[in-house]
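Peer 1: Have a look at this prediction, sequence included:
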Amino acid sequence: MKGIVFVKFNEFIEELWGEEFWDELLNEADLPSEGAFTSVVTYDDQELFILIGLVADRQNISVRDAQFAFCKWVFKEFYNSAPAGAHDFEDVFEFLYAVQGFIHVEVKKLNPNALVPEFKFLSETSNKLSFHYISPRKLCFFCEGIVHGLAEQMGQAVNVSQSECEHEGGQRCVLVVEKV
Amino acid sequence: MGKLVLSEIKSVEELQKRISLLEGKAAREKKARNIAENQLERYSLEVYQTEQSLKKALAFATKKQLELEYLSKASMGDASELPLSEMISNMIELTCEYCAAQYGFYLVTKNGVEVEGTLDNTWSKELGWQCQSELQKLVNANLPLSEADVLESWIVSTLSDNDAMHFGCVLYMNFALSGGKIGWLAFLNKKESFDEGIFPILATARDDLNSGIRRRLTDIHILERNVQLQESVYNLEIAKRQLIQSEKMASLGQLAAGVAHEINNPLAFIRSNMQVLKEYIIDYKNLHDDIKSELAAHNNLDKSSFITLCEKVDLTYIHEDSVALLISNIEGLNRVRDIVENLKSFSHAGDAKLIQISLNKCVDAALRIAGSVFKYEHQIDNQMNNSSPLVLGDLGQLQQVFMNLFINAAYAMQGGGKLSIWHTEENQRVIIHVKDTGCGMNEETISKLFTPFFTTKPVGVATGLGLSVSYVILEAHKVQVTVDSEIGLGTTFNLSFPVSI
């Protein structure tokens, strides 16, 4: 996973629980990278999962909630530093449709080896959109948080759920976004 | 006091803890910075290597582009319709530029000796085509011009003894031209060699040039053959016309007796009429003399005497008969004139220029000429009239065709019979039917009907060319011919003419 995610996770944790908590997390996690994160390097995904697991333990919240909270927060950060054009969208559904044709293309330009998920859209009504989330990383909870962050950015309220989830015995992950 | 010390101790502990936290953070930051810097260095190296490989790729692509440009222009010239000399000039200009030579040359040899060609046979980019005799000498001295064989590839030869001119080498090739001549292309270079990479490309260009030359030489050969063929066609056309004319004259020969009879007949009765008219003139003279004597004797001529004198020479009869004789003479002369007219139009060679003609008139004229071949036992039923549409044709030639058909019909009906001529129309065509009630023909005769020199008539009676020549004429008129014949019953020829619109 790109270093920028770890850097942002560091900022997120410090913002919520302070530098000491982050220091304790790193000491306990004993990561191969020793927590020396920089945005220009790629780190093992597992390091992030270890850190999230420790946060969940220590703060007594579920891993899913921890992932969800971080992703909702981090979307705003990424959105602000995204290239021009990414800010032209005013609707959650519109943005989600543009993710593969625009956002992921921009990501690939910068990082040809970046592993980006694929969205396969299944159905859409005026207030409900469902799509198949396909990624070997299985970060569907991350995706839920990202969609929430996106909705906040667009000034829209949404419910995000999964009608099927691989983490819960499903064959695939299907995200359902409903405008409320 | 103790409380203060405790709080100070606690503060110190906190500070130490804080220091330790910040040290840890600083260490991580430092490590992260080192990692980032190393990463950046790797990126820089990658960028540098990428740039180098891009430069190489660009140079390679530029080289390939030049090669392709050279080959495509050279092969376009070879495949074009440019004359040989222009194609070779084009090749020299392109090759000179491609192999970065200073001068390009073209010369032609035969039996090892240079053949006088164009004066300006030296090309340079700066000066264009010029005569550079010194350079030409230098090149000639270094080319194996005495070799009679065509070289298998391009050859580079290092130059010697040209201190003043400072040329390092000459690149050359040759190719076969027509008439045992050999063409040579040569390129002078200041350097001692050419870039090795150009030779595969030059080899391809050489193959293209050779095929271009072969094609042009073949084209010239084909052109020559074409001219010969055109001459043959022209000669054949003349021979065909002569044959048609000869056959016409031969037919006329067969008809000569009949035609002579046709002319002699009116001539005989005109002569006889003239004889009678001559006698009538003498009667008039006698009457005149009698009137003069009567007047001299009596100085008067009364009515009864005049009537007596007139009755003496039978003047009333003379008057009536003279008019009849003159009318008969004029008719006879008209007949002679018509026969001569028809003979003239028939014997005219004709230049096969087709004009609108009436088939009715054509059949009439042919019947008049061939009329003599039909005897008393023959019946002629000509149903042709002015209603038959006009066709495009040569009157004389078509008369010849019909005359042949009539002569053959008469020959087939030696014991007498009926010749019928009529026309029908269908699908913009007018069909003339010529039917006789003669002996008819078997399959074999029908199949040979239009074969030259085939005849069923005795030797000396016919040439055997009549129908074959007729067939040639009819083909030229786009006429379709069918024949229906039954032994013992007769034959019908059906000639289908396109109607002239």
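Peer 2: Cool, got the structure.
Peer 1: Next, count neighbours for the residue in the stretch 251-400 of chain B positioned nearest to chain A.
Peer 2: Residue nearest to chain A within the stretch 251-400 of chain B: residue B:392 (73.7 Å; CB to the nearest CB). In this view, the C-beta of every residue, glycine as well, is placed from N, C-alpha and C. Residue B:392 has 16 neighbouring residues, counting by other CB atoms under 10 Å in any protein chain shown.
Peer 1: Enumerate every residue touching it.
Peer 2: Applying CB atoms under 8 Å, 6 or more residues apart in numbering or on different chains to residue B:392 gives the contacts B:354, B:355, B:356, B:357, B:477, B:498, B:500.
Peer 1: so is it in a helix, a strand, or just coil?
Peer 2: Classification of residue B:392 by DSSP: H, G, I helix; E, B strand; the rest coil places it in strand.
Peer 1: Who does it form a beta bridge with?
Peer 2: With DSSP bridges as the criterion, residue B:392 is bridged to residue B:356.
Peer 1: Identify the farthest-apart pair in the contacts of residue B:392.
Peer 2: B:355 and B:498 (14.3 Å; CB to CB).
Peer 1: the more surrounded of these two?
Peer 2: Between residue B:355 and residue B:498, counted using other CB under 10 Å, residue B:498 has the larger neighbour count: 17 against 11.
Peer 1: What are the boundaries of the helices in chain A?
Peer 2: Listed in chain order, the helices of chain A (DSSP state H) span A:3-29, A:45-59, A:63-81, A:92-98, A:104-110, A:140-154.
Peer 1: Report all helices and strands that the longest one contacts.
Peer 2: Identification of packing neighbours for helix A:3-29 by 3 or more CB pairs under 8 Å, 6 or more residues apart in numbering or on different chains; DSSP states H and E yields helix A:45-59, helix A:63-81, helix B:2-79.
Peer 1: How many residues are close by residue B:450?
Peer 2: When neighbours are defined as other CB under 10 Å, residue B:450 has 18 of them.
Peer 1: Which secondary structure state does it sit in?
Peer 2: When classified by three-state DSSP, residue B:450 comes out as coil.
Peer 1: ok, back up a step: dump the contacts of residue B:392 to a markdown table, plus pLDDT.
Peer 2: Shown next, in a markdown table, are the contacts of residue B:392 (pLDDT from 0 to 100):
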| residue | pLDDT |
| --- | --- |
| B:354 | 81 |
| B:355 | 85 |
| B:356 | 88 |
| B:357 | 88 |
| B:477 | 87 |
| B:498 | 91 |
| B:500 | 76 |
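Peer 1: Can you say which of those residues are buried?
Peer 2: Buried members of those, scored by 16 or more other CB atoms under 10 Å in any protein chain shown, are B:354, B:357, B:477, B:498.
Peer 1: So what's the residue count around residue A:98?
Peer 2: Residue A:98 is flanked by 17 other residues according to other CB under 10 Å.
Peer 1: what do you get for the one 5 residues further on?
Peer 2: Here the number of neighbours of residue A:103 (other CB under 10 Å) works out to 19.
Peer 1: I figured it hits residue A:88, correct?
Peer 2: No. Using CB atoms under 8 Å, residue A:103 makes no contact with residue A:88, being 11.7 Å away.
Peer 1: Phi and psi next, for the closest residue to chain B within chain A.
Peer 2: Going by CB to the nearest CB, chain B is nearest to residue A:36 of chain A, at 3.6 Å. Main-chain torsions, residue A:36, degrees, to the nearest 10: phi -80, psi 80.
Peer 1: What of residue A:139?
Peer 2: Residue A:139 adopts backbone torsions of phi -100, psi 50, taken as degrees, to the nearest 10.
Peer 1: So it versus residue A:172, what's the distance?
Peer 2: As judged by CB to CB, to the nearest Å, residue A:139 and residue A:172 stand 14 Å apart.
Peer 1: now residue A:75
Peer 2: From residue A:75 to residue A:172 the distance is 23 Å (CB to CB).
Peer 1: Longest helix in chain B, please.
Peer 2: In chain B, assigned by DSSP H, the helix with the most residues is helix B:198-298.
Peer 1: Summarise which helices and strands that helix is packed against.
Peer 2: Using 3+ CB pairs under 8 Å, 6+ apart, helix B:198-298 sits against helix B:2-79, helix B:84-98, strand B:169-176, helix B:303-313, helix B:315-347, helix B:359-370, helix B:395-412, helix B:466-476.
Peer 1: Please list the residues outside the helix or strand bottoming out on mean pLDDT in chain A that contact it.
Peer 2: Least confident helix or strand of chain A, by mean pLDDT, DSSP states H and E, is helix A:104-110 with a mean of 81. Outside helix A:104-110, the residues that touch it by CB under 8 Å, 6+ apart are A:82, A:83, A:85, A:86, A:114, A:116.
Peer 1: thinking again about what came up before, of the helices and strands packed on helix B:198-298, flag the one that's most buried.
Peer 2: Comparing these by mean neighbour count (mean count of other CB atoms under 10 Å in any protein chain shown), helix B:395-412 comes out on top with a mean of 24.
Peer 1: Show the average pLDDT along it.
Peer 2: Helix B:395-412 carries an average pLDDT of 86.
Peer 1: How far off centre is that helix?
Peer 2: 33 Å (CA atoms, centre = their mean, to the nearest Å).
Peer 1: do the same with stretch B:212-223
Peer 2: Distance of stretch B:212-223 from the chain centroid (CA atoms, centre = their mean) equals 19 Å.
Peer 1: and residue 81, how many neighbours does it have?
Peer 2: Using chain A here. For residue A:81, the count of nearby residues is 8 (other CB under 10 Å).
Peer 1: meant chain B, my bad for not saying
Peer 2: Residue B:81 sits with 8 neighbouring residues when counted by other CB under 10 Å.
Peer 1: go on, residue B:427?
Peer 2: Residue B:427 has 7 neighbouring residues, counting by other CB under 10 Å.
Peer 1: For it, grab phi and psi.
Peer 2: Taking degrees, to the nearest 10 as the convention, residue B:427 sits at phi 50, psi 60.
Peer 1: Mind pulling up the pLDDT for it?
Peer 2: The model's pLDDT for residue B:427 equals 86.
Peer 1: now do residue B:255
Peer 2: 66.
Peer 1: Could you list the residues of chain A in contact with chain B?
Peer 2: When proximity is defined as CB under 8 Å from any CB of the partner chain, chain A approaches chain B at A:19, A:20, A:23, A:26, A:34, A:35, A:36, A:37, A:38, A:39, A:40, A:41.
Peer 1: domain ranges for the chain?
Peer 2: No chain in the question, so chain A it is. Domain segmentation of chain A under automatic domain parsing yields A:3-61, A:71-179.
Peer 1: wait, I meant chain B there
Peer 2: Under automatic domain parsing, the residue ranges defining each domain of chain B are B:80-195, B:236-349, B:350-501.
Peer 1: For residue B:302, which of the helices of chain A is the nearest?
Peer 2: helix A:92-98 (144.7 Å).
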